[in-house]
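In: make a model of this:
(one chain, ligands or ions: 3)
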Amino acid sequence: MKPLLLKGVRPYGEGEPQDILIRDGVIAEGTDENAEVVEGNGAVLLPGFVDLHTHLREPGREDTETIETGSKAAALGGYTAVFAMANTDPVADNAVIVEHVARRGQEVGLVDVHPVGAVTVGLKGEKLAELGTMANSKARVRVFSDDGHCVHDPLIMRRALEYSKSLNAVIAQHAEEPRLTVGAQAHEGENASRLGLQGWPAAAEESIVARDCILAKQVGARLHVCHVSTTGTADVLKWAKARGTEVSAEVTPHHLVLTDDRLATYDPVNKVNPPLRTQADVDALRQALADGTIDCVATDHAPHAVQDKDCEWSAARPGMLGLQTALGIVVETMVKTGLLDWRGVARVMSEKPAEIAGLTDQGRPIAVGEPANLVLVDPDASWTVNGAQLASIAGNTPFEGMELPAAVTATILRGRVTAVAGRIAE
Ligand SMILES: NC(=O)N[C@@H](CC(=O)O)C(=O)O
Ligand SMILES: [Zn+2]
Ligand SMILES: [Zn+2]
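Out: Numbering: from 1, shown residues only. Ligands and ions are numbered 1, 2, ... in the order given. Below you'll find the model as predicted:
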């Protein structure tokens, strides 16, 4: 592999533009006349993004996304590692499926694809899956989740935490008390009442997060909370962290910007789980991400077929695309508002998620001797979202037609360019 020279780049957006040499997949000293050159033009250099929460839909729903198309979307979005959720068909609740997902990710080679293993067999919440077998498989699973479903039985959750502790893994919980969300269609509040949609109360999330924090503390295990969506959850997390609970949490880009005001059109592109909440929640989530109560951003990239989205609200599946729009939304909501600087973006989109998942080669400092998993961002660019032009097979983005700030100039995986100027590298 030819050395790579990043010309005129600004690590973390700080200082004067400088050249960064990459040799054998590692950041090196000096320069090299024979290197392949990427012109930085003063762009911001960050550690490659890590997404703890991606739905790649393979196996089972290759009509909406495959590991290949999802990997392209990830590379174009600036990601160098993604965690593929287990709610595929068949479910990734055994070594065969997680090894298949990992292998397919390697074959595509655009981003490190780490399979998430299911916590319970078939995501049914009844019987623990073979966590140890998945952890010891070639996929070396370290994140387990029944995402899409909540591990609602407290005894099963406790056992899962106990096992995960011995495996040095983390349980990522989709916090939703199912008894409180039967038939739920939208955030329980004024808008849902006016539109006649069955409510999804904040308490359904907050009560599970509180319970799980208490269980994790008692067991001494690590808990990760998926897609935090309410002010109350942020409060519970703050309390749990203050008393020494090993809990981490993510927020999605869409929960940082969209509210349930969007529901007035009944357009199911805005249907997602957990639902879009209120402006007060959006503000609290931004604040919690800025102050570290919420550790990181995760996309919850959830491709769906046209027939599952372009239908009446109640029949539509929840979920929205996220990989290619995440950076723009984070810049819009967190950087432009002064809540995060570029160091902060590196923290919430790369360093923290890598740490939570136990990745040792991602989210590393930009320094000589470190693995060259990097993303180059043009902070002054802007672009207009067009779902049909995104790399995903599905096109269900709530950001259609929106102008987003910042653009990924190049993504680099172990010294190899995977995406450049909005295209997948040859
Ligand atoms: N977020 C969603 O609305 N949908 C996700 C499942 C999930 O993340 O809970 C999906 O798999 O489509
Ligand atoms: Zn979920
Ligand atoms: Zn999800």
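In: contacting residues for residue 181?
Out: 200, 201, 204 (Cβ atoms under 8 Å, 6 or more residues apart in numbering). Any C-beta I mention is one placed from the backbone N, CA and C, and that applies to glycine too.
In: again, but for residue 406
Out: Listed by Cβ under 8 Å, 6+ apart, the contact set of residue 406 reads 327, 328, 331, 335, 377, 378, 379, 380, 381, 382.
In: name the nearest residue to it, ignoring sequence neighbours.
Out: residue 331 (4.3 Å; Cβ to Cβ, 6 or more residues apart in numbering).
In: look up phi and psi at that neighbour.
Out: phi -70, psi -40 (degrees, to the nearest 10).
In: check whether it really touches residue 379, as I assumed.
Out: Yes - Residue 331 lies in contact with residue 379 (Cβ atoms under 8 Å); the separation is 7.4 Å.
In: shared neighbours of the two, which are they?
Out: Residues touching both residue 331 and residue 379 (Cβ under 8 Å, 6+ apart): 405, 406.
In: show residues contacting stretch 201-218.
Out: 150, 152, 154, 157-158, 161, 173, 175-177, 180-181, 184, 187-188, 221-223, 225, 228-233, 236-237, 239-240, 243-247, 274, 277, 281.
In: what do you get if the cut-off is 7 Å, keeping everything else the same?
Out: Here stretch 201-218 makes contact (Cβ atoms under 7 Å, 6 or more residues apart in numbering) with 150, 154, 157-158, 161, 173, 175-177, 180-181, 188, 222-223, 225, 229-230, 232-233, 236, 240, 243-247, 274.
In: got the residues of the stretch 1-150 of the chain near ligand 2?
Out: Counting by Cβ under 5 Å from the ion, the positions of the stretch 1-150 of the chain adjacent to ligand 2 are residue 147.
In: nearest to ligand 3: which residue in the stretch 1-150 of the chain?
Out: residue 147 (4.4 Å; Cβ to the ion).
In: confirm that residue sits in a strand?
Out: No - counting by DSSP: H, G, I helix; E, B strand; the rest coil, one finds residue 147 to be coil, located in no strand.
In: give the contact list for it.
Out: Here residue 147 is in contact with 85, 86, 87, 172, 174, 226 (criterion: Cβ under 7 Å, 6+ apart).
In: how close does the residue in the stretch 251-400 of the chain that ligand 3 sits nearest to get to ligand 1?
Out: Nearest residue of the stretch 251-400 of the chain to ligand 3, counting by Cβ to the ion: residue 300, 4.4 Å away. Per Cβ to the nearest ligand atom, to the nearest Å, residue 300 is found 5 Å from ligand 1.
In: sorry, back to before: measure the residue of the stretch 1-150 of the chain closest to ligand 3 to residue 189 for me?
Out: For residue 147, the distance to residue 189 (Cβ to Cβ, to the nearest Å) stands at 24 Å.
In: close to ligand 3: what parts of the stretch 201-350 of the chain are there?
Out: Residues of the stretch 201-350 of the chain lying near ligand 3 (Cβ under 5 Å from the ion): residue 300.
In: go through the contacts of residue 181 and flag which are in strands.
Out: Counting by DSSP state E, these place residue 200 in strands.
In: out of the contacts of residue 181, who's nearest residue 7?
Out: residue 200 (49.6 Å; Cβ to Cβ).
In: excluding covalently adjacent residues, which one is nearest to that closest one?
Out: Leaving aside its sequence neighbours, residue 200 sits nearest to residue 184 (Cβ to Cβ, 6+ apart; 3.6 Å).
In: that neighbour - how many residues pack around it?
Out: Per other Cβ atoms under 10 Å, the neighbour tally for residue 184 reads 21.
In: offset the numbering so it begins at 17, please.
Out: Okay, residue one is now 17; in that scheme the one you just asked about reads as residue 200.
In: host element of the nearest residue to residue 241 once chain neighbours are set aside?
Out: Of all residues not flanking residue 241 in the chain, residue 265 sits nearest, at 4.1 Å (Cβ to Cβ, 6+ apart). In this assignment (DSSP states H and E), residue 265 forms part of strand 263-267.
In: for the closest residue to ligand 2 within the chain, give me its contacts.
Out: Going by Cβ to the ion, ligand 2 is nearest to residue 190 of the chain, at 3.6 Å. Contacts here follow Cβ under 7 Å, 6+ apart; on that basis residue 190 touches 161, 162, 163, 164, 165, 166, 242.
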